[in-house]
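J.: Requesting a structural model of the entry that follows:
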Amino acid sequence: MPQIRDTSEDLWSFIAERWANSSLLLHDMTAMRKIAYLHVLQPNRHYLGDPTQVPKDPVEEQLRTQVPVAYAAAKSKIPELTSKGVAVLDSAAIFATADRDVFGTDCCHLTTAGNELLMRVVAAALASAIDAQKASSTKQ
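T.: The predicted model follows:
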């Protein structure tokens, strides 16, 4: 992993703007085809500040400090996306109260338990997005 040299919030704002624009483009493409779209923002253990994790190397230390800033920049775009009709699920809340065994030993991947938890929440949110898409289609 390359070292992050510019840790300013401007960098993360720049990235978050492109992230939000990409999501909006995907939403617009799927809406034209009357396909429901759900954007899921998934945190990793570094965002949640797992106190049991001790950084093993300088990269892990960077992740521990930069991921919360990057995630906050992405989260700041959610109101804009939802105001434009994008269904967004910020899954941080479900992981904040979950057991620590939902995260694997590496940086970002979930365990089977974590994937099952995420799957249940995404399925419910996707069902809502599909219902909303159907409702808007019948109004037209």
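J.: How far does the helix or strand bottoming out on mean pLDDT in the chain sit from its chain's centre?
T.: One helix or strand of the chain scores below all others by mean pLDDT, DSSP states H and E: helix 45-48, with a mean of 70. Chain-centre distance of helix 45-48: 12 Å, with C-alpha atoms, centre = their mean, to the nearest Å.
J.: Any chance you could list what contacts it?
T.: For helix 45-48, the surrounding residues in contact (C-beta atoms under 8 Å, 6 or more residues apart in numbering) are 53, 63-64, 67-68, 71, 92, 95-96, 100, 103, 107-108. The way it works is simple: take the backbone N, C-alpha and C, and place the C-beta from them, glycine included.
J.: Which member of those residues is positioned nearest Asp131?
T.: The nearest member of the contacts of helix 45-48 to Asp131, counting by C-beta to C-beta, is Ala92 at 23.6 Å.
J.: Please report phi then psi for the closest one.
T.: When quoted as degrees, to the nearest 10, the phi and psi of Ala92 stand at phi -60, psi -40.
J.: Please apply the same query to Lys84.
T.: The phi and psi values for Lys84, taken as degrees, to the nearest 10, are phi -100, psi 10.
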